[in-house]
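**Student:** Fold the stuff below for me.
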Amino acid sequence: MTENSRDRNLELGLFALAFGLALAIRLLRLGELPLTDEEARWALQAFDLSRGLRPEIGPQPAYVVLTAFSFFIVQAGNFAARLVPALFGAVLALVPFLFRQRLGYKPAIFLAFFLAIDPAYLALSRLAGGSVIAVTVLLLAWGAWRNRNWRAAGICIGLALLSGPQLWPGVLGLAVTYGFRLGFKGRFTQPEDVHPVDQHSMLTLLAYAGGSYLVLGSLFLLATGGLSAGLAAIPAYFGGWLTISDVPASRLLIGLVSYEYLALLLAIAGLVRGILRKDELVISMGIWLAVALVLALVYPSRQVADLAWVLIPILTLAAVELSAYFSPIQDGKWETIGMAIFTASVLVFAAINYSAIALVSADPVAMQIRWWLLLGSLALLAVSIAMVAFGWSVPTAVQGGLWGALLVLFILTLSTSIASGGLRTNRTAEMWPAGPNIGQADVLVSQMNELSRSKAGLNHSLDVTILSVDSPALRWILRDWPLKISSGNTLAGSTPSIVIASDQFNRAEIEATYRGRDLKWRTWPAWEQGLLSDWLRWTIRRDFPHIDENIVLWVRNDVFLDSQNIP
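**Tutor:** Numbering: from 1, shown residues only. Below is the predicted model:
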């Protein structure tokens, strides 16, 4: 086997490893957490479509149609509802393979692993719907275009047009970036050649784009509603410029810093070095980063998930910069390793002091001592690196210090990814889902099934009425029950076996015939009301003060086994 073939096999093996890692952590415990209202809204459309109904499909037909198809294959549930975004999120780790000649082989591999474990993309890949489908298919279309694979590019473009409103900030950001590149052309190193598309290639691309849009948008001509839903994504996005959300721009910046600290530090360092070198790739990524960030911040209907397009240039810059740090050690190998171990040890000590500050309530004097220990340890590290640089070797000091710092930051990033992906033992407060989390869904379903088995011997056999509770997540978990939804605030003379009502419902009307139990349903992290101590604790435990909304599970008296004892 030649050296080139060995290098090629190693490269392919590393990309396969990145994809396998991305797929594994996205599928792990994927269906454990209940769907939020926003997730359930899309999952219910797919569920109705899988049953042969003709629901009104919203402007994310790619998710709805593909998830309906997955419901045909596996049983509808939380796992299947999130399966399509998880698969697209895993495929995102393979996108750098299409750009490896432009980025360089080493940066492309680093970027693949960044995309595999990134906290934001892991969180978005584990949400039903979401923006990860749009990001993945647009980048795949771009990569196929660069590699002159017109059929694949056309299929991806057709799928991108079905991916929803999240596509258009990406298209707009790339278009504006390309305009800036044309304006800067000639001032920096020349951009790569743009290969012209001949008429035959363009016709091929358009034919495959139209074919994939028609076939996937209509579920093989079985549900034509997806075709118009794809076009509805355009007014859905631009209509967002007329609607103001309750998410301030500052939350996006906080989310960017608190989840992407490793990538941000590397990206800033790489951007500074690239500008000084007049590196066209780095400068283009910097322009794209600025444009995407401005679009996300000024968009009136903003959500933290809108940062999905900002992360691509950040992670690309980080991968390019990181690849420069992994050069072979010319001399002083053990000294460099020792410097790395010392750096990591000091930073771990600093992290322990920070954790104590964030989690332990102590008197002001003890807190002040902790802060001085934290700052002192960082100052000691800076002085030590400087002394090694001037007294021993600058490469040893710089490379050892960088490796030690990167090791600690990488471990912290993994911890952040585990939290953002919902993989910790306890439920954490994360910024990526739109809207509130769902609380005691499992308790509600288990108690209802227990009552149903005791009364009729089967699950899902009792008739249920939802009274004045507008929650798609509630309708999702009750999709297999005989269900009636009432928008009023009264039972109007009916007596269903189970009533699920708001805690504001007049209990006096129902208490004589039903027994009730309060359950926590929606939970909103109180981001705007948090104190500094709350934010410090959140950075460690991902726990934040929250606001709860309760529902009441009312069960008719005769459903219970002891109903004969009630006078």
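**Student:** Now do residue 161 against residue 421, distance only.
**Tutor:** According to C-beta to C-beta, to the nearest Å, residue 161 and residue 421 sit 29 Å apart. Yep, even glycine has a C-beta here, placed from its N, CA and C like the rest.
**Student:** got it, and residue 171?
**Tutor:** From residue 171 to residue 421 the distance is 28 Å (C-beta to C-beta).
**Student:** So for the two, which sits in the more crowded spot?
**Tutor:** residue 421 (25 against 14; other C-beta atoms under 10 Å).
**Student:** and the closest residue to residue 399 other than its chain neighbours, what is it in contact with?
**Tutor:** Computed as C-beta to C-beta, 6 or more residues apart in numbering, the closest residue to residue 399 that is not its neighbour in sequence is residue 336, at 5.3 Å. The neighbours of residue 336, taking C-beta atoms under 8 Å, 6 or more residues apart in numbering as the test, are 329, 395-396, 399-400, 403.
**Student:** For ChimeraX, what selects the buried ones among these?
**Tutor:** To isolate the buried ones among those in ChimeraX, judged by 16 or more other C-beta atoms under 10 Å, type:
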select :395,396,399,400,403
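**Student:** Mind listing residues that contact the helix or strand of the chain with the lowest mean pLDDT?
**Tutor:** The least trusted helix or strand in the chain, going by mean pLDDT, DSSP states H and E, turns out to be helix 225-239, with a mean of 83. Among residues not part of helix 225-239, those counted as contacts by C-beta under 8 Å, 6+ apart are 54-62, 64-65, 161-169, 213-214, 216-219.
**Student:** May I see the buried residues of the next helix or strand after that helix?
**Tutor:** Following helix 225-239 in sequence order, the next helix or strand is helix 249-259 (DSSP states H and E). Within helix 249-259, the residues scored as buried using 16+ other C-beta under 10 Å are 251-252, 254-256, 258-259.
**Student:** if we can go back for a sec, chain center to the least confident helix or strand of the chain, what's the gap?
**Tutor:** Per C-alpha atoms, centre = their mean, to the nearest Å, the displacement of helix 225-239 from the mean C-alpha position of its chain is 22 Å.
**Student:** Alpha carbons of it, as PDB, please.
**Tutor:** C-alpha atoms of helix 225-239 as PDB (Å, rounded to 0.1, in the frame of the first residue of the first chain):
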ATOM      1  CA  GLY A 225     -50.000  20.200   0.600                       C
ATOM      2  CA  GLY A 226     -46.300  20.200   1.200                       C
ATOM      3  CA  LEU A 227     -45.700  21.900  -2.200                       C
ATOM      4  CA  SER A 228     -47.400  25.100  -1.200                       C
ATOM      5  CA  ALA A 229     -46.000  24.900   2.300                       C
ATOM      6  CA  GLY A 230     -42.500  25.100   0.900                       C
ATOM      7  CA  LEU A 231     -43.300  28.400  -0.900                       C
ATOM      8  CA  ALA A 232     -45.000  29.600   2.300                       C
ATOM      9  CA  ALA A 233     -41.600  29.600   4.000                       C
ATOM     10  CA  ILE A 234     -40.600  32.700   2.200                       C
ATOM     11  CA  PRO A 235     -43.400  35.000   3.600                       C
ATOM     12  CA  ALA A 236     -43.000  33.200   6.900                       C
ATOM     13  CA  TYR A 237     -39.400  34.400   7.200                       C
ATOM     14  CA  PHE A 238     -39.800  37.900   5.800                       C
ATOM     15  CA  GLY A 239     -43.000  38.300   7.800                       C
END
